[in-house]
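> quick one, fold the following:
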Amino acid sequence: MQPFLDSTDALTDGPELHRRMQRDGYLFIRGLVPAPALEALRLRMLAIAREGGWVQEGTPLEEAAADLRGFSLEPEPEYMRVYGRMYLLPEFHALQHHTSLMDFFGRLLNGPVLPHPRLIGRVIFPQKEAFTSPAHQDFIPIQGTPETYTAWIPLSALPPEMGGLEVAEASHLQGVYDFRPALGDGGLEILEPFEGKWRGGPFAQGDVLFFHSLTAHRGAPNSSRSLRLSLDARYQHADQPIAPGSLQPHSPPMAWEEIYAGWPSSANWLKYYWKKLDLEIKPYDNQYHEKRDDLAIELGQRGDLRAYSTLQRIVARDSDPDKKQLATELLAKLDGKL
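Next up, the predicted model:
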C-alpha cells in the first residue's frame, strides 16, 4: 500500500488541483476543516450513539468506545432509528457548507458549486471486518454528472487501527467497472483488483480525502475499540445535471419538512438552498442496481452470504412487493449463517 499523494501544497492553485484530480482521481488535503468544528459534531453524534446503545456506558464520550451489543448497520431499522436522530442535527448538514470546503471546490471546479443535499453519515463499528466496505464507485448510486466529487471527512483522527478510506489511483479513467454483490455499504464490490494502485494512510482530524465519482475506493477495517464516524459530502458544478435522488435526504424515511421542523431560525439559510438554482434534473438509470439485485437473489438462493447486504436494501427500499417478499425469505435463510 502506497501513501496518499499529499496535495496540501496545491490548495490555493485551482488549475493544479484540477490537473491532479484529472490524473489521479483523488486529492488528499491535510488540515482543511478546523478540528473544533469536527469535534463538536462528533460529540453530538456520539451522545446520540450512546443513548442508542452504541457507546459503552461509563466511558469518556470522546473515546467513542463501542458497545458491540448494539451492533447494527444500514439499512437495518435499529441502525436507521439512531442514525435518523443524528440526521436531524442542523450542524450535521452545515458542515459540508463550511467555507474551507466551498472555497476548495470553487477553485477545483472554477465555477458555482452545488453541495448535494443528500449528505451521508457513516458510523462504523469496530471488530466487524466482514462488513468493511469493499471496492466500489460512487457514480452508481449518485449518477447525474460523472463530474461529481466526494469529500470523505473523518470526524476524528484515524490511526492505522481505526482504518479509514483507500482509493485506487487513476481508476476513474476506465468508466464503470463490472461488479458483484458483497457485504458492506452499497452491497456490491468491483471485480477489478487494481493491483499496485491502492493508496491510503492515517488521517489527522481535519484531513479530507476528495475523489471523482468513478474512482474506485474501499474502507479499511476498524480493528480498534472505537466507533469510526465520517461524512460523505458530494459536490458538483451547479451547471451540470443532477439525479433526483441526490436532492432527497439519505435513507431515513423522513421528508425535508420533518428534518427541518426543529431547527432554530439561525439555520434557515440551509433549508432548501438548492431550490434557488435552475438545476438540470437527469433521470436515474436503474440498470446497475437491477443487475446487483438480480445477482444477489441468485446468490441468496444458493445460500451465499455475499447476497446479505443487497437483500437488506431490497427489503428496505424496493417498490416491488414480490421482490421484497422474496428477499425477506432469503434473508431469513441466511441469518443463521452470519
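
> rest of the way, CA atoms for contacts and neighbours
OK.

> show me what contacts residue 318?
residue 324 (Cα atoms under 8 Å, 6 or more residues apart in numbering).

> ok, for residue 110, nearest residue in space, not its chain neighbours?
In space, residue 110 comes closest to residue 14 once its chain neighbours are excluded; the distance is 7.3 Å by Cα to Cα, 6 or more residues apart in numbering.

> the one you found - how many residues pack around it?
Residue 14 is flanked by 16 other residues according to other Cα atoms under 10 Å.

> next up, the contacts around it.
Residue 14 sits next to 107, 108, 109, 110 when contact means Cα under 8 Å, 6+ apart.

> can you tell me the centre-most residue of the protein?
residue 232 (4.0 Å; Cα atoms, centre = their mean).

> spell out the secondary structure type for it.
Following DSSP: H, G, I helix; E, B strand; the rest coil, we place residue 232 in the strand state.

> which residues does the host helix or strand of residue 28 contact?
Using DSSP states H and E, residue 28 sits in strand 26-29. Outside of strand 26-29, the residues within contact range by Cα under 8 Å, 6+ apart are 4-8, 11, 17, 20-21, 167, 169, 207-212, 215.

> let's go with 6 Å and repeat that
The contact list for strand 26-29, computed with Cα atoms under 6 Å, 6 or more residues apart in numbering, reads 6, 7, 8, 207, 208, 209, 210, 211.

> in a markdown table: these, plus secondary structure, pLDDT and neighbour count.
Shown next, in a markdown table, are the contacts of strand 26-29 (DSSP: H, G, I helix; E, B strand; the rest coil; pLDDT from 0 to 100; neighbours: other Cα atoms under 10 Å):
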| residue | secondary structure | pLDDT | neighbour count |
| --- | --- | --- | --- |
| 6 | strand | 98 | 12 |
| 7 | coil | 98 | 16 |
| 8 | helix | 98 | 15 |
| 207 | coil | 98 | 23 |
| 208 | strand | 98 | 21 |
| 209 | strand | 98 | 23 |
| 210 | strand | 99 | 22 |
| 211 | strand | 98 | 25 |
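
> farthest-apart pair in these, please.
Greatest spacing in these, by Cα to Cα: 8 and 211 (14.6 Å).

> what's the nearest residue to residue 333 if we skip its chain neighbours?
Excluding the flanking residues, the one nearest residue 333 by Cα to Cα, 6+ apart is residue 303, at 7.5 Å.

> state the helix or strand in which that neighbour lies.
Going by DSSP H and E, residue 303 is not in any helix or strand.

> got the phi/psi numbers for it?
phi 80, psi 20 (degrees, to the nearest 10).

> for it, grab the count of nearby residues.
16.

> which residues sit against stretch 77-95?
45, 52, 72, 73, 252, 259.

> that older thread, possible to save the contacts of strand 26-29 as TSV with distance to residue 185?
Putting the contacts of strand 26-29 into TSV (distance: Cα to Cα, whole Å) gives the following:
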residue	distance to residue 185
6	27
7	28
8	29
207	22
208	20
209	18
210	18
211	17
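
> quick check, nearest of the residues you listed to residue 146?
Nearest to residue 146 among those is residue 211, at 11.4 Å by Cα to Cα.

> give the contact list for that closest one.
Shown in contact with residue 211 (Cα under 6 Å, 6+ apart): 25, 26, 149, 150.

> which non-adjacent residue is nearest it?
residue 26 (4.0 Å).

> quick one: that neighbour and residue 237, what's the gap?
Plainly put, residue 26 is 17 Å away from residue 237 if you go by Cα to Cα, to the nearest Å.

> who has more neighbours, those two?
residue 26 (32 against 21).

> re the thing from before, gap between the residue nearest to residue 110 and residue 276?
Note on residue 14: its distance to residue 276, by Cα to Cα, is 26 Å.

> what about the strands in this structure?
Secondary structure of the chain (DSSP state E): strands at 2-3, 26-29, 113-115, 120-124, 148-154, 165-168, 179-181, 188-190, 198-200, 208-212, 217-219, 228-237.

> can you redo those as JSON lines with distance to residue 280?
What follows is the strands of the chain, written out as JSON lines (distance: least, Cα to Cα, whole Å):
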{"stretch": "strand 2-3", "distance to residue 280": "38"}
{"stretch": "strand 26-29", "distance to residue 280": "26"}
{"stretch": "strand 113-115", "distance to residue 280": "12"}
{"stretch": "strand 120-124", "distance to residue 280": "22"}
{"stretch": "strand 148-154", "distance to residue 280": "14"}
{"stretch": "strand 165-168", "distance to residue 280": "30"}
{"stretch": "strand 179-181", "distance to residue 280": "29"}
{"stretch": "strand 188-190", "distance to residue 280": "28"}
{"stretch": "strand 198-200", "distance to residue 280": "34"}
{"stretch": "strand 208-212", "distance to residue 280": "20"}
{"stretch": "strand 217-219", "distance to residue 280": "28"}
{"stretch": "strand 228-237", "distance to residue 280": "11"}
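
> which one of those strands lies nearest to residue 326?
That would be strand 179-181 among the strands of the chain, by Cα to Cα, at 16.5 Å.

> mean confidence for the closest one?
Computed over strand 179-181, the mean pLDDT rounds to 95.

> which elements pack onto that strand?
strand 188-190 (3 or more Cα pairs under 6 Å, 6 or more residues apart in numbering; DSSP states H and E).
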